[in-house]
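A.B. asks: Here you go, sequence then predicted model.
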Amino acid sequence: MSVSVDTPRRVDDFEVRKLRHPWRSVAAVIVGLAAVGVGWVFATNPNMDWPTVGAYLFAELTIRGLMVTLYLTVVSMLIGLVGGTVIAIMTLSHNPVLRAVATTYVTIFRGIPVLVQIIFWGFIGAFFPAVTIGVPFTDIVFFSSPTSALINSTTAAILALGLNEAAYASEIVRAGIQSVDSGQREASSALGMNRATTMQRIILPQAMRVVVPPMGNEVISLLKTSALVSVIAGNDLMTNLQQVYAQNYKVIPLLVVASVWYLIVTTLLSIGQSQLEKRFGRGVTSTLPSRVKRVSR
Amino acid sequence: MVLADNVGKKFGHHEVLKGVDLSVAKGDVTCLLGPSGSGKSTLLRCINHLERIDSGRLYVDGDLVGYRQEGRILHELDDRYIARQRTKIGMVFQRFNLFPHMTALENVMEAPRRVLKEPATEARRRATALLEQVGLADKAHHFPAQLSGGQQQRVAIARALAMKPELMLFDEPTSALDPELVGEVLKVMRELAASGMTMVVVTHEMGFAREAADQVVFLDNGVIVEQGTPSEVLGNPQHERTQSFLSRVL
């Protein structure tokens, strides 16, 4: 039963006056006016050229670019997640060789600006003109192909973004693994589980709770970073729109088109992120009856 | 069942165990008592190789723990062999260490499924029976966070029993519990002892030690000061250190 706003709440015989927050209303009015003002400036500025925005918002070129951007983001993120998890496990390994390899990887790929890495992969053909598989120091060759035929601009973009992402993701996964109580590992050992089973069944699922929020951040960041592949003509949203404004000089309207799409996708991703957080909060943050009734596998 | 021969353990320069000799017969309940820092938990953790011993020998069921002996050489065992040795030894921790992302039933089913490769139906049937044994049949689908400390510890006991161990280790199983919840856990442990399970229990529960133990071992400062039946050690302690410890806890 809810108490209506009009009837004051009563405790025994006393009427209870709620604490008032008059400055909130004042602040709301000021912020509202400022928002209207900014909106007005954008809406009425003749340089905005809204008809052009409208013309390109759903243009085939834009949608095709958007699809490439989404594709780059998804594939790079998958590489980042899988690679990052492997590197994180290597970093925490007892094996000093694996640890050294992982640390070196993270140092290099996190230490070089992603723009430089994108350009490097874009021009990899200048560095290694041909990719050859054979026995080293002999003339035996099983396979040989010019690099440019193997690595097009999309592949280069994926390699650059994915390998870079793996370095960042590994640090997030490592922090997640380390956040799991050491008693969990001991309990798993005492039950006779080996390291792989412990990691897969006990540690990683719990690490996910800590990993998901920053990883969601990474996906959103990666989506926007993918705009950098326009430097190697990656055919993504930004590249396509850039090519348009390079011809018609309508820079601002086309940037608005790009911004609108990036905003839409990042908003959708944020929603997905909060759903994932709920899923991995299982047993810790949630005591919903629907989850309790879930039949165990 | 357990044989410790001059077992020593160091953490850095700190000697936690200084040559401990202990023998636990099959079906017996041994309680390890002693002040904190006496090495009793460390000794328990050495038995299933959660800690590596630095000197002496430790045998469980006739097998050297953590090593393989060939002539005069001790070979360190691979993780897989150590894991296999541990399947015979159940362990219950002070802080329960239940898997928080799994329900009580899933906690109990997990190791039989993944380690013993039991089919799901069989694992579920046995897990349900074990939860019933510890009085938690109605909590099977609850997560650990939804259970009281005493209930969590009983799930942890069921989880350890699911591996059909021949030896159960308890590391201060009631120390993290509210006083009114201690009884329900001790009851399960008494039933287990009565069923003939070999148990090594680190505890401060003198009542449990007196009633359920066949052997009481008092450790202080990394050595066994006194051992014997509960009536000998608790009723008529010979050493001054045992006497002063018991006068403080009783």
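C.D. replies: Thanks, I have the structure now.

A.B. asks: what about the helices in chain B?
C.D. replies: B:40-47, B:79-86, B:104-114, B:120-133, B:149-161, B:179-194, B:206-212, B:230, B:240-249 (DSSP state H).

A.B. asks: my bad, should have said the stretch 151-297 of chain A
C.D. replies: Using DSSP state H, counting those that start in this stretch, the helices of the stretch 151-297 of chain A run over A:153-179, A:182-190, A:195-197, A:204-225, A:237-248, A:251-280, A:289-292.

A.B. asks: Can you lay out the helices of chain B as CSV showing distance to chain A and mean pLDDT?
C.D. replies: Just so you know, the C-beta spots here come from the backbone N, C-alpha and C atoms, and that holds for glycine as well. Converted to CSV, the helices of chain B look like this (distance: least, C-beta to the nearest C-beta, whole Å; pLDDT from 0 to 100):
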stretch, distance to chain A, mean pLDDT
helix B:40-47, 8, 94
helix B:79-86, 5, 88
helix B:104-114, 4, 96
helix B:120-133, 7, 96
helix B:149-161, 7, 96
helix B:179-194, 17, 94
helix B:206-212, 21, 92
helix B:230, 27, 93
helix B:240-249, 26, 89
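
A.B. asks: Columns mean neighbour count on top of those, output as TSV?
C.D. replies: TSV is the format used below for those (neighbours: other C-beta atoms under 10 Å in any protein chain shown):
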stretch	mean neighbour count
helix B:40-47	24
helix B:79-86	17
helix B:104-114	26
helix B:120-133	17
helix B:149-161	25
helix B:179-194	17
helix B:206-212	18
helix B:230	19
helix B:240-249	14
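
A.B. asks: closest one to B:V2 among those helices?
C.D. replies: helix B:40-47 (6.0 Å; C-beta to C-beta).

A.B. asks: tell me, what residue is most central in chain B?
C.D. replies: Nearest to the mean C-alpha position of chain B, by C-alpha atoms, centre = their mean, lies B:L169 at 1.4 Å.

A.B. asks: for the closest residue to it other than its chain neighbours, what are its contacts?
C.D. replies: For B:L169, ignoring the flanking residues on the chain, the nearest one in space by C-beta to C-beta, 6 or more residues apart in numbering or on different chains is B:M91 at 4.6 Å. The contact partners of B:M91, by C-beta atoms under 8 Å, 6 or more residues apart in numbering or on different chains, come to A:187, A:190, B:48, B:50, B:160, B:168-171.

A.B. asks: just to revisit the earlier point, which stretch among the helices of chain B comes nearest A:A167?
C.D. replies: Here helix B:79-86 is closest among these (C-beta to C-beta), at 28.5 Å.

A.B. asks: what residues does that closest one touch?
C.D. replies: So helix B:79-86 is contacted by A:189-195, B:48-49, B:60, B:63, B:65-66, B:68, B:77, B:115 (C-beta under 8 Å, 6+ apart).

A.B. asks: With only the CA atoms kept, save that helix in PDB.
C.D. replies: C-alpha atoms of helix B:79-86 as PDB (Å, rounded to 0.1, in the frame of the first residue of the first chain):
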ATOM      1  CA  ASP B  79      50.200 -31.400  -9.700                       C
ATOM      2  CA  ARG B  80      48.100 -34.200 -11.200                       C
ATOM      3  CA  TYR B  81      49.400 -36.800  -8.800                       C
ATOM      4  CA  ILE B  82      49.000 -34.400  -5.800                       C
ATOM      5  CA  ALA B  83      45.400 -33.700  -6.900                       C
ATOM      6  CA  ARG B  84      44.800 -37.500  -7.100                       C
ATOM      7  CA  GLN B  85      46.200 -37.900  -3.600                       C
ATOM      8  CA  ARG B  86      43.900 -35.200  -2.300                       C
END
